[in-house]
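A predicted structure for the sequence below; I have some questions about it.
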Amino acid sequence: MPKNERKINELRNQSGSEKVEYHPKSGIPTKVQAFGDFKRQPAHYSLWSAPDPDTRPWRPFKSRLEFDVAKIALEAALNNEQTDRLLDICRRCAQKSEKFTFHNHKDVRAKWDAASQRLMGFTKDVVSIPFADRSWDYDVYYRDLWEWATDLPHDPYLFPHFHFDAQRLSKFNGQTFKHFVDEPFTAQHFWDAQSQLPDGAKPLAFILYADKTKLSSFANLPTDIRNGQGMGGGYVVGWLPVVKEDKQHSGKPAWANFKATVWHKSFERILSSLAERSRTGQWLECLDAAQRWFFPLILILSSDFEEQSMMSLTRGVRSLWPCPVCLIPHNKLSDTSCRYPLRTSRDSQAVLAAVQAKETAEEREEVLKGYGLRDIPNSFWALSSTDVHRALSWDRLHFHSGDKVSRVDKNYHAFPRWRDQKHPNQVMNISFTDNSVHEDISKMIVYATHDILTEADCPIGYLLLRCVRLYIELDMYASLEVHTAETISSGRHTHCTFSAILQSDKNWNFPKLHMDLHIFDDIKAKGATRNYNTKPNEKMHGSLKDSYLLRTNFRDVAEQILHINMWQVVADRIRCRLFEFDEAQRQADEEDLLKQDDFLVDVIDRPISTSNVFHVKLGSRQHSQTFDAIEEAHRDDQAFGNFRVKLNNFLNLLLPSSNIPLPEGKHIHLRGTYEITEHRFIRINYESMVDWRQHTDYLRCNPLFFGSPCFDCIFIRQTENKVVLGQLIFCFECLVRDHRFPLALIHPFDAPTGLRSRKDKDLNFFRVRARPRAQAQFYSVRSIIRGAFLVPDGPSDYLVVDTADTDMFLRVKMMHLEAGHIVRV
């Protein structure tokens, strides 16, 4: 018997032995092993010897350190900017020019905690609310609002931006001064608040955004700071408890009142440091050593409708009087022809006082239902000069936001790209997206569907399209950054027209539609809607959500999240200080450089290109080409026909009109061998018609921009009183003697469009028509005002998208008036 078989027979009957039987075609004999010797290894394992380890296993990385850094960036999903910052830190560590003493995560946490001691932290309190024969306890976390607020006027970088007094602003229009509002301190409620204070007193006006978290900022600071990140921006000042639903009580009126009581008792703690000071004020020495007498108040409350109902203690959507701002009946919410009495905190307090005199619960409930109120004291009543109903503000984010399906998607896909606007390839089957994408889709929806929902084929769809167009126009008026009496009047008229076209058999009585009635009252009272839009505050949800998902153990999360939030606040403050430090260093370096004689000579002697003068700068410079080469490359494009000849004619007119003498007094005759330099990018600075400040547009004239041609459309000033639209074809610099001229070949869209169609009137379209392409003209790039967003509507017609931004909206409205179109004003 072979030796292997004898071994198998010996082990076969042993308890726990293992047999390995290979496939007959493997040629490997069966094996039986004692269980302790059994290993799951291939047959060739014993013949294998491991190679020597790679002495540089991190290749193709240059070192193990580089691999470790790249791996951390990958694991943490760092974006490009964060990766660059990480690499910069690594380089600084390698240079050993700065101290670096961290050894582990404990050192990092300890340093953040030490830095957090400079700031006021969160206080934890417990609120106890009796309900259903027992006391219910809830944790509430909050910062001392007064201490937090009084830190900011001592900040050397914020103090210069504080506005302590109400203002009324006007702009001279050539005939008279026209009043306008933008910031809260330029609007009526800030003025009224200061009027109610003693002489010499100053309002310290808070803006509170309410969700589960409570964010606060200041109406005394400009919007750019208040809605930004870092110092002066919104900070978490409170974390309210969430009452979990109880099966025994959920859905009952008493349970709804209990949840509202928990909310307001908790909010009392957040407001507690302001209550007494709102009545007496408090003197505070500011950074300029001046003593100021401050009275705190809540000027603006920013939230969605559900939170507004909670703040005002109204009964919400299903009540008889659902609006938290006015006393409009639930069956009249779609009625915009009447003005209903405004709610006030004083009236609400009087109602609750009258309720207490009633003997039975039924009598009390009957009175409360007549006003849509709850029998609960409002936490905002503790603050003098604060009226919760006046502070509540219209929110743009929450109150406005087959074959035909494929055609809609096709139209969206065909639209040109536009800066700062999402460009979805399909919109009819979106499963999830955020509000900014919805907003961009809504701006374009009329332009994508007007040739689908026609009056002849789909009368109801066409009527809907008219409603949508008016709705978007209303939203554009609401989003203006600065308002005058004219824009407010136009906005009100648009709202009335929108409401009138809605009148039908359908029931439009729901609160969010009614809230539009208060848009322009709020603008006059509190300034532009961006002062109280929840959108900037809801951006903070991202960091709080990330803290919850990435930095907590999912138990008792409030303290953990707020702890991390403290670190983030500290990081923002230090970052601001670093920015100021770096800026001061940069300016000092520039001053040192200017003291160097050779630098001054170099700058003075350097020729200055006219392309950088005034409001235009060219970019994306290409290699210079001769006229002959350019005409040959574009021989199939009619716009380039007689390119050099037409340019000669244009320059012979341009130079004298610009007070530049013709070379040697003779007409210019550029030869085919002369060279010009193409540019494919233009940066335009222009004055906005909305806020009269400088804004910047970036224009492309590129045959291959990210894989696709991109030739932007533009507004062109043809004469002092005439503006036309057109499309960039070719942008270049042309040198004539010592002068370098920035020029553009442009396809004008100023051909007659004929009688205005009914659809264009109904949908308020501004239509332009392209000339034949062979009639392309040369312009100085200084004639370009700004970019224009146009979408094609036929072989040579285009529609101007006036909803692209607020300046475009007012600019196109002006063009309607100049064209004699009947517009909604």
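Received, thanks. It should be emphasised that the depicted structure is a prediction, and the values quoted were computed from it without experimental measurement.

make it CA atoms for all contacts and neighbour counts henceforth
Will do.

Heading C-terminal from the lowest-mean-pLDDT helix or strand in the chain, find the next helix or strand.
Using mean pLDDT, DSSP states H and E, the weakest-scoring helix or strand in the chain turns out to be helix 597-605, at a mean of 36. With elements assigned by DSSP states H and E, the helix or strand that comes after helix 597-605 is strand 616-626.

Mind giving me the packing neighbours of that following strand?
Under the contact criterion of 3 or more C-alpha pairs under 8 Å, 6 or more residues apart in numbering; DSSP states H and E, strand 616-626 touches strand 675-687.

relative orientation of the helix or strand following the strand it packs on and strand 616-626 in degrees?
Using DSSP H and E, the helix or strand that follows strand 675-687 in sequence is strand 694-705. Orientation of strand 694-705 against strand 616-626 (axes from the mean of the first three to the mean of the last three C-alpha atoms, to 10 degrees) gives an angle of 30 degrees.

counting contacts, what elements does strand 694-705 pack onto?
So strand 694-705, by 3+ C-alpha pairs under 8 Å, 6+ apart, packs with strand 675-687, strand 708-711, strand 722-736, strand 784-788.

Paired strands for it, with orientation please.
Strand 694-705 pairs in its sheet with strand 675-687 (antiparallel), strand 708-711 (antiparallel), by DSSP bridges.

Alpha carbons of the first one, as PDB, please.
These are the backbone C-alpha positions of strand 675-687, laid out as PDB (Å, rounded to 0.1, in the frame of the first residue of the first chain):
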ATOM      1  CA  GLU A 675      -1.100  90.800 -37.800                       C
ATOM      2  CA  ILE A 676      -3.800  91.200 -35.200                       C
ATOM      3  CA  THR A 677      -4.200  89.300 -31.900                       C
ATOM      4  CA  GLU A 678      -7.300  87.400 -31.100                       C
ATOM      5  CA  HIS A 679      -8.800  87.300 -27.500                       C
ATOM      6  CA  ARG A 680     -11.500  84.900 -26.400                       C
ATOM      7  CA  PHE A 681     -12.500  86.400 -23.100                       C
ATOM      8  CA  ILE A 682     -13.800  89.800 -22.100                       C
ATOM      9  CA  ARG A 683     -14.300  91.200 -18.600                       C
ATOM     10  CA  ILE A 684     -16.800  94.000 -18.400                       C
ATOM     11  CA  ASN A 685     -17.400  96.300 -15.500                       C
ATOM     12  CA  TYR A 686     -20.800  98.000 -15.700                       C
ATOM     13  CA  GLU A 687     -23.100 100.100 -13.400                       C
END
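
what about it, average pLDDT?
For strand 675-687, mean pLDDT is 93.

Contacts for that strand, please.
For strand 675-687, the surrounding residues in contact (C-alpha atoms under 8 Å, 6 or more residues apart in numbering) are 615-627, 693-702, 730-735, 784-786.

Could you tell me which of those residues count as buried?
Buried subset of the contacts of strand 675-687 (neighbour count, 16 or more other C-alpha atoms under 10 Å): 615-619, 627, 699-702, 730-734, 784-786.

How much space separates the closest residue to F294 other than its chain neighbours from W283?
Leaving aside its sequence neighbours, F294 sits nearest to K202 (C-alpha to C-alpha, 6 or more residues apart in numbering; 4.9 Å). As for K202, its distance to W283 is 10 Å (criterion: C-alpha to C-alpha, to the nearest Å).

what residues are shared contacts of these two?
R292, W293, F294.

By neighbours, which of those wins?
The most crowded member of the shared contacts of K202 and W283, judged by other C-alpha atoms under 10 Å, is F294 (22 neighbours).

what element comes up after the helix or strand encompassing it heading to the C-terminus?
F294 belongs to strand 291-302 when elements are defined using DSSP H and E. Once strand 291-302 ends, the next helix or strand along the chain (criterion: DSSP H and E) is helix 305-312.

Let me see the ranges of the strands in the stretch 451-600 of the chain.
With DSSP state E, counting those that start in this stretch as the criterion, the stretch 451-600 of the chain has strands at 483-484.

So, low pLDDT: which residues of it?
Along the stretch 451-600 of the chain, segments meeting pLDDT under 70 span 505, 536-542, 548, 590-600.

For S116, state which of the shared contacts of K202 and W283 is nearest.
Ranked by distance to S116 (C-alpha to C-alpha), the shared contacts of K202 and W283 are led by F294 at 27.1 Å.

Can you tell me who the closest one pairs with across the strands?
Under the criterion used here (DSSP bridges), F294 is bridged to K202, Q282.

Pick out whichever of K202 and W283 has more residues nearby.
K202 (23 against 15).

I'd say that one and Q291 touch.
No: in this structure, K202 is not within contact of Q291 by C-alpha atoms under 8 Å, at 10.8 Å.

about what we covered before: quick one: contacts for the residue nearest to F294?
F164, D165, Q194, R292, W293, F294, F295.

Could you give the number of residues near the closest residue to P29 other than its chain neighbours?
Nearest residue to P29, sequence neighbours excluded (C-alpha to C-alpha, 6+ apart): Y22, at 6.9 Å. By the criterion of other C-alpha under 10 Å, Y22 has 13 neighbours.

all helices for the stretch 351-500 of the chain, in order.
361-369, 388-391, 396-399, 403-414, 435-449, 459-478, 485-502 (DSSP state H, counting those that start in this stretch).

To F267, which of those helices lies closest?
Comparing these under C-alpha to C-alpha, the one sitting nearest is helix 388-391, at 13.0 Å.

tell me what that closest one is packed against?
Using 3+ C-alpha pairs under 8 Å, 6+ apart, helix 388-391 sits against strand 291-302, helix 305-312.

ok so, going back, quick check: the two most widely separated of the contacts of K202?
Of all the pairs that the contacts of K202 form, the one spanning the most space (C-alpha to C-alpha) is Q194 and R292, at 13.4 Å.

anything in contact with each of those two?
A201, K202.

returning to that earlier point: need the winner for burial among the helices of the stretch 351-500 of the chain.
Mean neighbour count, computed with mean count of other C-alpha atoms under 10 Å, is highest for helix 388-391 among the helices of the stretch 351-500 of the chain, reaching a mean of 24.

I'd like the mean pLDDT over it, please.
Helix 388-391 carries an average pLDDT of 95.

Need the contact partners of it.
Residues contacting helix 388-391 (C-alpha under 8 Å, 6+ apart): 298-301, 311-312, 324-325, 343-345, 380-381.
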